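Enquirer: dropping the sequence and predicted coords here.
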Amino acid sequence: MYDLIVIGSGPAGEKGAAQAAWFGKRVALIEREPVPGGACVNTGTIPSKTLRESALQLSGLRQRDFGGAVSVLLRDDITVADFMRRKSIVVEREWERIHDNLTRHHVDRYRGTARMLSRNEVAVGDDVLRGDVILIATGSLPVRPPHVPFDDARVLDSDTILRIEQIPRSMAVVGAGVIGCEYTSIFAALGVDVHLIDGRTSLLPFIDREIAAVLLDDMQKRLGVTLHLGCDVDTITRSEENAIVKLKDGSELACDKVLYAAGRMSNTAELNLAAAGVETGYRGLVLVNDFFQTNVPNIYAAGDVIGFPALASTSMEQARVAMVHAFDLKYKTRVAPILPYAIYTIPELATVGMSEQACQEAGADYETGRAYYRNNARGQIIGDTKGLIKLTFERQSLKLLGVHIVGENASELLHVGMVVMQFEGTINAFIDCVFNFPTLSEAYKYAAYDGLGNVARKRSGRR
């Protein structure tokens, strides 16, 4: 009899298991794949971000031409093995880290597909495990609509794209969400002729429009991406030579590869959740309350399996909160209300809090402040002249409402502003702080000064 049975070893499963075991609970973890880590380690977050770094290095994009021009021509001697080597190293080290973490916490592990038998029983092969608490952390998988002719050779999803044997000459990416935009940047950086297709008319609509515009400009002008926004796909067909994407406007694209990246669904089909009475929603989403508890009180769920925001960072925290609630640990009672988002495109984007558009829609009395990398010594040193830190804040109180960044190290820089927001600080926090020089972080100070200047000008009636 276990105190806790965890199904899935991705970020939520690993951290949930370790959290409970740390507090002395007897824990079993079930994983059907031969290696741990789930989609985060094996097919999603870590592989794609590692491939991005490989693309930046191998293409020469990381080594910017300080004279102004940037070459995106791939070296002639680069092979697929070169492209994938770093990914394999990082993933293997993550396997080792997870293995060591679970071993250190004395978590029992079972290999196989989990199947619920009741609210307290889970079958794994010939074994039947019994537990007081169950944590479902089986993640998600790409949506594969029946009308799309997936063969994982010419027409691929965001999992199988990582198994390509050679770098294609051309590619159509269907879906301009986070995954689609990231892979578009990666392959365009490697010199692939990429067409990005989406029925929506805007790129990443939840990102501040000014920030998204910088990405859009870079994709088209620097990386050579051809955008087909506001264009729905009619049909996708394939032959031995290529794949044909026909759009509803009548145009056709012939490409070596098609990456279909239009949505994911919860990985719950084989869990037999009905036997435990667990309710699910659209695309198999497990429904939970604020403590990540399902309608069955002793069964919890965390991570991508419950849907938005479906980030590794939040998945870990959701599982920890779930375990604190399940075992009354008097420790971490909620996931932080302010969540950071990073999109690992080229250039990198990061955002937290309210965008300018969100402020407008809410009718907030707000102001903005900006600082450009081109006016920052570190930005000049690294050759990133298009980067931007943008702040949104309350006009009267100066309380920081949001931080939006495009450019080098955006995902890291975001946390400076996020911590100020976490403690309900104002933009004066940046003005009062001393930042190392030369650093990109120093741009926060000048974004705050710019914001104060905007407030003063509007108060005095000047533009």
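Expert: Thanks, I have the structure now. Predicted, not measured: the structure shown is a model, and the values here were computed from it.
Enquirer: quick one, helices of the stretch 351-463 of the chain?
Expert: 356-362, 377-382, 410-422, 428-432, 443-459 (DSSP state H, counting those that start in this stretch).
Enquirer: what's the angle from the third one to helix 443-459?
Expert: Orientation note: helix 410-422 sits at an angle of 60 degrees relative to helix 443-459 (axes from the mean of the first three to the mean of the last three CA atoms, to 10 degrees).
Enquirer: same question for helix 410-422: list its buried residues.
Expert: If you call a residue buried by 16 or more other CB atoms under 10 Å, then helix 410-422 has these buried ones: 410, 411, 413, 414, 415, 416, 417, 418, 420, 421. In this view, the C-beta of every residue, glycine as well, is placed from N, C-alpha and C.
Enquirer: how about the helices of this protein, start to end?
Expert: Remark: helices assigned in the chain by DSSP state H are 11-22, 38-42, 45-59, 80-104, 178-189, 209-221, 312-327, 356-362, 377-382, 410-422, 428-432, 443-459.
Enquirer: now do the fifth one, average pLDDT.
Expert: Looking back up the chat, that one is helix 178-189. Helix 178-189 shows a mean pLDDT of 94.
Enquirer: how many neighbours does residue 229 have?
Expert: Using other CB atoms under 10 Å, the number of residues around residue 229 comes to 14.
Enquirer: quick one: it and residue 202 touch, right?
Expert: Yes - using CB atoms under 8 Å as the test, residue 229 is close enough to residue 202 to be in contact (7.0 Å).
Enquirer: coming back round to it: how about CSV for the helices of the stretch 351-463 of the chain, with distance to residue 400 and mean pLDDT added?
Expert: Shown next, in CSV, are the helices of the stretch 351-463 of the chain (distance: least, CB to CB, whole Å; pLDDT from 0 to 100):
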stretch, distance to residue 400, mean pLDDT
helix 356-362, 12, 97
helix 377-382, 22, 93
helix 410-422, 5, 97
helix 428-432, 8, 98
helix 443-459, 9, 95
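Enquirer: can you say which of these is nearest to residue 257?
Expert: Residue 257 lies closest, by CB to CB, to one member of those: helix 410-422, at 27.4 Å.
Enquirer: mind splitting this structure into its structural domains?
Expert: The record's domain parsing of the chain by automatic domain parsing lists 2-142+265-327, 155-262, 347-459.
Enquirer: could you dump those domains into JSON lines and include distance to residue 148?
Expert: Below are those laid out as JSON lines (distance: least, CB to CB, whole Å):
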{"stretch": "domain 2-142+265-327", "distance to residue 148": "10"}
{"stretch": "domain 155-262", "distance to residue 148": "5"}
{"stretch": "domain 347-459", "distance to residue 148": "28"}
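Enquirer: right, so of those, which gets closest to residue 339?
Expert: Once the domains of the chain are compared by CB to CB, domain 2-142+265-327 is nearest, at 5.9 Å.
Enquirer: for that closest one, measure first residue to last.
Expert: Counting by CA to CA, to the nearest Å, you get 13 Å between the two ends of domain 2-142+265-327.
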